[in-house]
Structures are given as structure tokens and as C-alpha cells.
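A.B. asks: show me the folded form of this:
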Amino acid sequence: MAPGFEEVAEEFERNFTDRGEVGAAFAAVRDGRPVVDLWGGLADRATGRPWRQDTLQLVFSGTKGLVAVCLLILIDRGLLELDAPVADHWPEFAAGGKGAIRVRDVVSHRARLPGIRSPLVEADLTDPRNLAGLLAAQAPDPDPRAGLVYHALTYGWLAGELVRRVDGRTVGRFFADEVAAPLGLDLWIGLPAAYEDRVSTLEYAPGWGAGPAADPRQLADDALFHRIWRNPPIFPTDHIPWNSRAFHEAEIPGAGAIGTARSIARLYGCLACGGVLDGVALLGSAALEQGRSPLAEGTDPFSKDPMAYGVGLQLQTPLRLLGPAPDAFGHDGAGGSVHAAWPRNGIGFSYSMNQLRDAEPVDSRRRALLTALWKATEDR
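C.D. replies: Alright, predicted model coming up:
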């Protein structure tokens, strides 16, 4: 813990003593150097396995930020252009009248493909090639709300297939080769079997289901809601498929990344420093600036929350999902996790945990940590 960041550690402790945290990690880097590296609690409540320094956590939609980095690398190399039709790289995508849909639409939740129309079962979520094919064959959703709505899982299959079509590697392989290896990250989209015993076990908080993804009032008669959140149910209440080896090893580029908070903070620390860290030039400044420039802004029709997106990256909104910094960019994840960069402060951070909550618009655990981190960085 760097001097001046003691209040962050105090809030991390209060998450356990006052806010019911089960297991968690929080890390931050400033100007490329670690300033916060905290972990504690239980990685598995049933067995009593403690959360250790190397415990890995699934971060759900935090994955979208990692996929965004892959897209930005391709943009930086001149291999992908935001205004190009998706079908230029993926000819089958033109089916169903989608020939005019551009890359910028896919990466900013405006592709009008927020859900898959074909009936799916849980196991289908682990087959990204098949799901990308179903999306390629599908017509744009005619529901007017589909013009800007959170593509909870389909963002990943669309963006991941774009990476594969442009580069030849799957998005998980691309991320491993081009991002994780150069920066020395314990972070994967598609976890190798050798690391399985380090993964924490997810659990639902008491009262899970208050959020829009599980709201039965919308499920009953809203076809668009059903396509996004219930085909199949992303978070079935009777079990958590995301704890299975099948889900861990699959490349689920909208929700399946697994890693340490320390590694995710290092990645965002690199982005906060302009895309260069410890001699690794991950991205050029022009591509990074393009990535964090607004492409879509509005209100999600289901959560009613403000939305703002660059190239796959969440941008700051009045909700302050990414902490107090006005220039923040990154991505949060279902259940409470959050991962982002604060460029003005040179900060990259990651908060990950294994008890999933959805009762608050902004999880009180992460709010406390990010408020303390902001105070520490603004004071120094």
C-alpha cells in the first residue's frame, strides 16, 4: 500500500465488516506503478477456501473492456475502420438486410442485434462460432428500442467474430498473445485448465433478482427483454452456470473473462498512461483517443440508466459507474465489479468480488472504494 492510500484499505476492510463482503480484491496503479493491492475474505464459502493473492475472478461484462482493447489494437494497425461495413470483413453478416451496419454500430451497442431469435439452451453460450453464425443470419431487430440497448452477450460474439475475421485468431487467443503476454497479465478470455483451481466461486447475494436482468414483470410480455436476458437466462436463480469448467474454458467475449484485479488494474494503468507501460507499446495515442470518444449516448430502455460508449468502452455518465473521475473509461460487470482508467490522474484500477448483488444502481462496496481512491489521488 503506497503512502496516502490508507483510506482505501480502510474502506476495503469496511466492505467486510460493515457491507457483508464475502471475498474480493481491489488494485490500483498510478503512473504505471502499483499503489493499492488488496485481497481478502473467502474464495469459496462452502469449503472455507480463503481468497489469496493469486485468486482469479470472473468479471462478467468487464470482459467487454478487454475485447475493446483488441479492437483498438486492430484499429491502431490500420486493419479495422469504424466506418467500414461489418460485411467487408464478414461477408455472411450482410444477410437479412444488414449490409449497411458498420463496425461503429457493433462496438457501441447500436447494431440492432441485442439478442438471438433462435431458441437457445444454456450450453449454447459456450459456442461463440455458432452464436456468431446465428447473428450473421439474423435480420436487424425491428423493435425501435433496439437502436440503442445494451447488447449484454451479443456484443461479445459480434466483436469477437470481427477480431477473428480480421486477424485469423479467436479473440481469446488474440488477447493472450497481444495484450496479456506483453504486459505479463494473469487474465484470460477462455481459462486454461491449469488455472482452474485458482478461480473463486460465485454466489448470489440474498435478494438477488431485484435488477432488470431478472425482473419477472418485464419477462412476461416483453419480447425484446426476453431475447436479451432470457434466451437462455443469463443468471438463472436456481444455479450459477458461470461457476462451471465449461463456462470458464469457453471464450465468452461478452462476459467470461477471468483474472486477478491486479492484472486488470495494470492493463487499465497502461491505458491511463496513453497505451504504453514498462516499454510495452500496446496502443498508439490516436487509437486510444478514438476508443474513448463517444459513439453512442442515451438511456437503456430496461434499466433506465444513462448509457455512453466509445469503442466497446463504457464512458462516464451522471451515474458515475466508473467512480468520480469525469474522464473515466472502462467497463463494469454484473454483480458489482468495476474496472477502468482515470487518465487525468494516471490511474488504472479493478475491483472484483464473488458475491453478486443487483439491488443498487451503483454497488455500495465499489462506491466506497472508488471514492476513497479518488480522494487519495486528488490529495496527492
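A.B. asks: make sure Pro119 is indeed in a helix.
C.D. replies: No: checked against DSSP: H, G, I helix; E, B strand; the rest coil, Pro119 lies outside a helix; its state is coil.
A.B. asks: tell me who's in contact with it.
C.D. replies: By Cβ atoms under 8 Å, 6 or more residues apart in numbering, Pro119 lies in contact with Asn231. Quick note: C-beta positions are derived from backbone N, CA and C, even for glycine.
A.B. asks: could you do Ser337 as well?
C.D. replies: Contacts were defined as Cβ under 8 Å, 6+ apart; by that measure Ser337 touches Gln57, Val59, Phe60, Gly62, Ser350, Tyr351, Ser352, Met353, Arg366.
A.B. asks: next structured bit after the helix or strand bottoming out on mean pLDDT in the chain?
C.D. replies: Ranked by mean pLDDT, DSSP states H and E, the weakest helix or strand in the chain is helix 216-219, scoring a mean of 56. Sequence-wise, the next helix or strand downstream of helix 216-219 (DSSP states H and E) is helix 223-229.
A.B. asks: what residues does whichever helix or strand comes after that following helix touch?
C.D. replies: Using DSSP H and E, the helix or strand that follows helix 223-229 towards the C-terminus is helix 245-249. By Cβ under 8 Å, 6+ apart, the residues outside helix 245-249 that reach it are 58, 123, 125-126, 190-193, 196, 199, 241, 256, 258.
A.B. asks: repeat that for stretch 304-320.
C.D. replies: Looking at what lies outside stretch 304-320 - Cβ under 8 Å, 6+ apart - the contacts are 64-65, 67-68, 71-72, 75, 82, 104, 107-109, 148, 150, 155, 159, 290-300, 321-322, 325-332, 340, 361-362.
A.B. asks: by contact count, what packs against the longest strand along the chain?
C.D. replies: Criterion DSSP state E: the longest strand present in the chain is strand 33-44. With contacts defined as 3 or more Cβ pairs under 8 Å, 6 or more residues apart in numbering; DSSP states H and E, strand 33-44 has these neighbours: helix 6-17, strand 23-30, strand 49-50, helix 261-272.
A.B. asks: using CSV, list the CA coordinates for the second one.
C.D. replies: Right, strand 23-30. What follows is strand 23-30, C-alpha atoms only, in CSV (Å, rounded to 0.1, in the frame of the first residue of the first chain):
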residue,chain,number,x,y,z
GLY,A,23,-14.4,-12.4,-1.0
ALA,A,24,-12.8,-9.6,-3.0
ALA,A,25,-9.7,-7.9,-4.4
PHE,A,26,-9.0,-4.3,-5.2
ALA,A,27,-6.0,-3.0,-7.0
ALA,A,28,-4.9,0.3,-8.5
VAL,A,29,-1.8,1.6,-10.3
ARG,A,30,-0.7,5.2,-10.7
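A.B. asks: angle of whichever strand or helix holds Leu66 against helix 261-272?
C.D. replies: In this assignment (DSSP H and E), Leu66 forms part of helix 62-76. If you take axes from the mean of the first three to the mean of the last three Cα atoms, to 10 degrees, helix 62-76 sits at 40 degrees to helix 261-272.
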